[in-house]
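[1] how would this look folded up:
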Amino acid sequence: MNDFDATIPIYLQIMNDIKRDIVTGRLGQGAKLPSVRECAEANTVNPNTVQRAYQELEREGVSETRRGMGTFVRDDPELTKRLRQDMARSTTLACLSALTSLGFTNSEILAEIQSALTEESL
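    Residues are numbered from 1 along each chain as shown. Predicted coordinates for the structure are as follows:
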């Protein structure tokens, strides 16, 4: 990763990258995550930052720690579906917020989205 957004805490960006990897299939259910040290070195961050990201992922039910073995993506058939929907909702709300702040009405937003979808499918 390494190109961190200064407006978002790094641990959240690490969490989001891991969630994106799960949703896109780069990390499957039951996959082992890099050790805290490996992840910290790869991202040039403090190991405490990675530890916090891993703790939050576990708290959210995305990962689990197996004593003496490491941290793994939970083996949960609904996990990918839930993460995908959560990420879609978050992205949609951010888009709506941005368009609303530009003064777009709901009908203008719908028209813009429809136009974009039409262009994208060409």
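
[2] helices of the chain, residue ranges please.
    Assigned by DSSP state H, the chain shows helices spanning 10-23, 36-43, 47-59, 79-101, 106-120.

[3] can I get these in JSON lines including mean neighbour count?
    The way it works is simple: take the backbone N, C-alpha and C, and place the C-beta from them, glycine included. Compiled in JSON lines, the helices of the chain are given as follows (neighbours: other CB atoms under 10 Å):
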{"stretch": "helix 10-23", "mean neighbour count": "18"}
{"stretch": "helix 36-43", "mean neighbour count": "16"}
{"stretch": "helix 47-59", "mean neighbour count": "18"}
{"stretch": "helix 79-101", "mean neighbour count": "13"}
{"stretch": "helix 106-120", "mean neighbour count": "11"}
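
[4] now those as CSV including distance to Met69?
    Shown next, in CSV, are those (distance: least, CB to CB, whole Å):
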stretch, distance to Met69
helix 10-23, 18
helix 36-43, 13
helix 47-59, 14
helix 79-101, 19
helix 106-120, 43
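
[5] nearest to Phe72, out of these?
    Of all those, helix 47-59 sits nearest to Phe72, with 10.0 Å by CB to CB.

[6] tell me what angle the closest one forms with helix 36-43.
    With axes from the mean of the first three to the mean of the last three CA atoms, to 10 degrees as the basis, helix 47-59 and helix 36-43 are set at 110 degrees to each other.

[7] grab the nearest non-local neighbour of Lys19.
    Once its chain neighbours are removed from consideration, Lys19 has its nearest residue in Leu83; the separation is 5.1 Å (CB to CB, 6 or more residues apart in numbering).

[8] what's the weakest-modelled helix or strand in the chain?
    helix 106-120 (a mean of 93; mean pLDDT, DSSP states H and E).

[9] off-centre distance for that one?
    Relative to the chain's own centre, helix 106-120 is displaced by 25 Å; criterion: CA atoms, centre = their mean, to the nearest Å.

[10] can you tell me the centre-most residue of the protein?
    Centrality entry for the chain: nearest residue to the mean C-alpha point is Asn16, 2.6 Å, by CA atoms, centre = their mean.

[11] that'll do, ta.
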